[in-house]
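Visitor: curious how this folds, go ahead:
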Amino acid sequence: MNYADVFPRKSHADFVNPSFETLVRRYFYQTEAPRLETVVNKPYAGSGGKEFPLGHRRYGRRRYYVENKGTVTIKLDERVLGYVHTDDSFTFAIAPFQGDQALLNRLFPSFGLISDSRRGGVVLKMARHWSDSKIAHPVFGGLRVKLNDLTLHESCGYHVEIKHLDRKLTKQIRDKYDNELKAARGFFMAASAENIINDMKENAFLVYRDRDMYMKIVNHAERYIANAYGWRRNLADRIDMHRKEIFDNAKSNTLDTIYREEGAFSTKILEAGQRIPSGNWGFSVHIHKPLL
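Guide: From the prediction side, this is the model:
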């Protein structure tokens, strides 16, 4: 859903004033330039003048609440998404779901919300410069940003701690297991496809940490085959035709597992607003200033 009826707003005043002007393009696929419209803020009947529609009045599930021109509460299906403050900043009440993201992206022209598990879960960037945005916030309940440029509000602070592979430690691990990996490669490349299939079946009864290197390779080879080619369909032929590819992938995944088990990582601190690289091996967000 693109929430084409929702009127874009840039400031707290656009919510509390009797009317405001905004540029509107009704549907994303329209090619004509957005047109300037004057929007009247008229409360719902029976709300005591406190609840207003975000777009067409018939869509009452998306509305906002405001009292005495104070903080504006944005709601969708009675779920609070966040708050617009009098200083034109916005506080997220939650990390928004995809439908919530679409609404907020439509409501605030500066917002470029998207789900990206490798870069912070829900990520907020500048909408007009999404691919090269210099600001990228992982969204969490309590994150407060300025609406005009998405810089962090003074009342909110955080940093991100990411894990990445330490080249020195990974080299030590590869050297440590080099002979075992070479032996496992010899077994895997020489064994018949039928023997490898039987080893896959036997693997199901073994605890991973109790397996030798060859059986660990077989375990990851089984997963790769299932994902790449479909499990049990011409399995022996698949192994014979793609044996080197299967082994190389299984070896890489086996080493990744060993890196995790032996903690071959270094940590790096990212300041608020810095992009989280997609190649990270885990991250955590640390809030270090009181949220107001």
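Visitor: where exactly do the strands run in this protein?
Guide: In the chain, the segments counted as strands under DSSP state E are 19-24, 35-40, 51-53, 62-65, 72-76, 79-84, 89-92, 111-116, 121-126, 136-138, 144-146, 158-165, 265-271, 283-287.
Visitor: for the fourth one, buried residues please.
Guide: When you say that, I think you mean strand 62-65. Going by neighbour count (16 or more other CB atoms under 10 Å), the buried part of strand 62-65 is 62, 63, 64, 65. Backbone N, C-alpha and C define where each C-beta goes, glycine included.
Visitor: hey, which helix is longest across this structure?
Guide: Determined from DSSP state H, the single longest helix within the chain is helix 243-262.
Visitor: and the average pLDDT for that one is what?
Guide: If you average the pLDDT over helix 243-262, you get 96.
Visitor: mind giving me the packing neighbours of it?
Guide: Identification of packing neighbours for helix 243-262 by 3 or more CB pairs under 8 Å, 6 or more residues apart in numbering; DSSP states H and E yields helix 167-176, helix 178-190, helix 213-229.
Visitor: in terms of mean pLDDT, which of the ones you listed ranks lowest?
Guide: Set side by side, the helices and strands packed on helix 243-262 differ in mean pLDDT, and helix 213-229 is lowest with a mean of 90.
Visitor: how far out from the middle of the chain is that helix?
Guide: Centre-to-centre, helix 213-229 and its host chain are 28 Å apart (CA atoms, centre = their mean, to the nearest Å).
Visitor: what do you get for stretch 270-287?
Guide: Using CA atoms, centre = their mean, the mean C-alpha position of stretch 270-287 is found 11 Å from that of the whole chain.
Visitor: list of residues touching the longest helix of the chain?
Guide: 165, 169-170, 173-174, 177, 181, 184-185, 188-189, 208, 213, 216-221, 223-225, 239, 264-265, 281 (CB atoms under 8 Å, 6 or more residues apart in numbering).
Visitor: and it, which residues are buried?
Guide: 243, 246, 247, 249, 250, 251, 253, 254, 255, 258, 259.
Visitor: just the closest of those residues to residue 124, please.
Guide: The closest of the buried residues of helix 243-262 to residue 124 turns out to be residue 259 (CB to CB; 30.9 Å).
Visitor: how close does the closest residue in space to residue 70 that isn't next to it in sequence get to residue 51?
Guide: Among residues not flanking residue 70 along the chain, residue 86 sits closest, at 6.9 Å (CB to CB, 6 or more residues apart in numbering). With distances taken as CB to CB, to the nearest Å, residue 86 is found 19 Å from residue 51.
Visitor: neighbour-wise, which of those two wins?
Guide: Between residue 86 and residue 51, counted using other CB atoms under 10 Å, the more crowded position is residue 51 (18 against 13).
Visitor: does that one touch residue 63 like I think?
Guide: Yes. With contact defined as CB atoms under 8 Å, residue 51 counts as touching residue 63 (5.4 Å).
Visitor: list residues touching both of these two?
Guide: By CB under 8 Å, 6+ apart, the residues touching both residue 51 and residue 63 are residue 44.
Visitor: distance to residue 201 for the buried residues of helix 243-262 - can I get that in CSV?
Guide: Output for those, formatted as CSV (distance: CB to CB, whole Å):
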residue, distance to residue 201
243, 18
246, 17
247, 19
249, 20
250, 16
251, 21
253, 20
254, 19
255, 24
258, 24
259, 28
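Visitor: how about those residues, which pair is most distant?
Guide: Most distant of the buried residues of helix 243-262, by CB to CB, are 243 and 259, 24.6 Å apart.
Visitor: now render the helices and strands packed on helix 243-262 as JSON lines, adding distance to residue 92.
Guide: Converted to JSON lines, those look like this (distance: least, CB to CB, whole Å):
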{"stretch": "helix 167-176", "distance to residue 92": "37"}
{"stretch": "helix 178-190", "distance to residue 92": "47"}
{"stretch": "helix 213-229", "distance to residue 92": "35"}
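Visitor: single out the most deeply packed of the ones you listed.
Guide: Among those, helix 213-229 has the highest mean neighbour count (mean count of other CB atoms under 10 Å), at a mean of 19.
Visitor: tell me what angle that one forms with helix 243-262.
Guide: Helix 213-229 and helix 243-262 are oriented at 120 degrees to each other (axes from the mean of the first three to the mean of the last three CA atoms, to 10 degrees).
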